[in-house]
Each structure stands twice: as structure tokens, then as C-alpha cells.
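Trainee: can't give you the sequence, but here's the structure:
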């Protein structure tokens, strides 16, 4: 396993991870365990090759995931976690049904995030 120091660019993970802060990435990935809800992951931006983004996993394979007026629901049950709620009422409603190898990811700062909604 190797580690990498990464300088955060952007505000999509605020307030948990601030712009220009340093984070440590463990490059082993998820070889030793499956990703879990609320893990923060680094992934390549599907809209821009070579550009990496950090997001929080909110939905796991096989779940019904919904974002309704800022509130996160998993299999029709509200998720009561500070990372799950976005207090801005202008957030659109979204639904996902991730397959066996898919995850739903969101930025903590939903108004400044490119994530599963886009």
C-alpha cells in the first residue's frame, strides 16, 4: 500500500474538507474491504479525463437511493447523518438504483459539487 498527499482544489467537500487543505490518500483502494456508506473516495471526473474529484459515498449497490428536497433516503427510509442532509431547498430531487458495482456519490457542499446528480 502506498500513500499520496493531495492538495484539495474546490469547495465541493466543505465543510468536512476545505479548499486548499491537504489530505492523505491510501492507494490500496478497496482491495481489503468493500466501500462503505460515507467513505470519502477519490475518483476520476467522468466529464474531464485526468481530473480527479473527491466525493462521499451515500448509496451502495442494490439500494434504492433518493435525494428529496435536500434529504437522503435509502430504500425509502430517511438517513439521519449530518453528511446526508443538504439544507438548501433548491436541491433537485433525484433517484438512483445502483447496480452490483455502482455507488452513488455526493459532495458535502451540494451547491458546489459535480457528483452523481450531474
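Mentor: Yes, it's here. Nothing here was measured: the structure is a model prediction, and the numbers come from that model. Numbering: from 1, shown residues only.

Trainee: using the three-state scheme, assign the closest residue to residue 73 other than its chain neighbours.
Mentor: Nearest-residue entry for residue 73: residue 66, 4.3 Å, with adjacent residues in sequence omitted and distances by CB to CB, 6 or more residues apart in numbering. (C-beta placed from N, C-alpha, C; glycine too.) Assigned by DSSP: H, G, I helix; E, B strand; the rest coil, the conformation of residue 66 is strand.

Trainee: specify the beta-bridge partners of residue 66.
Mentor: residue 73, residue 95 (DSSP bridges).

Trainee: which pLDDT value goes with it?
Mentor: Per-residue pLDDT puts residue 66 at 93.

Trainee: kindly report the same for the one 5 residues further on.
Mentor: According to the prediction, residue 71 has pLDDT 85.

Trainee: again, but for residue 57
Mentor: The model's pLDDT for residue 57 equals 95.

Trainee: my guess is it is in a strand, correct?
Mentor: Yes: the assignment for residue 57 is a strand, going by three-state DSSP.

Trainee: which ones are touching it?
Mentor: Residues near residue 57 by CB atoms under 8 Å, 6 or more residues apart in numbering: 35-41, 103-105.

Trainee: quick one: which of those residues is most hemmed in?
Mentor: Greatest neighbour count in the contacts of residue 57, by other CB atoms under 10 Å, goes to residue 104: 26 neighbours.

Trainee: so it is in contact with residue 97, correct?
Mentor: No: assessed by CB atoms under 8 Å, residue 104 is found out of contact with residue 97, at 9.4 Å.
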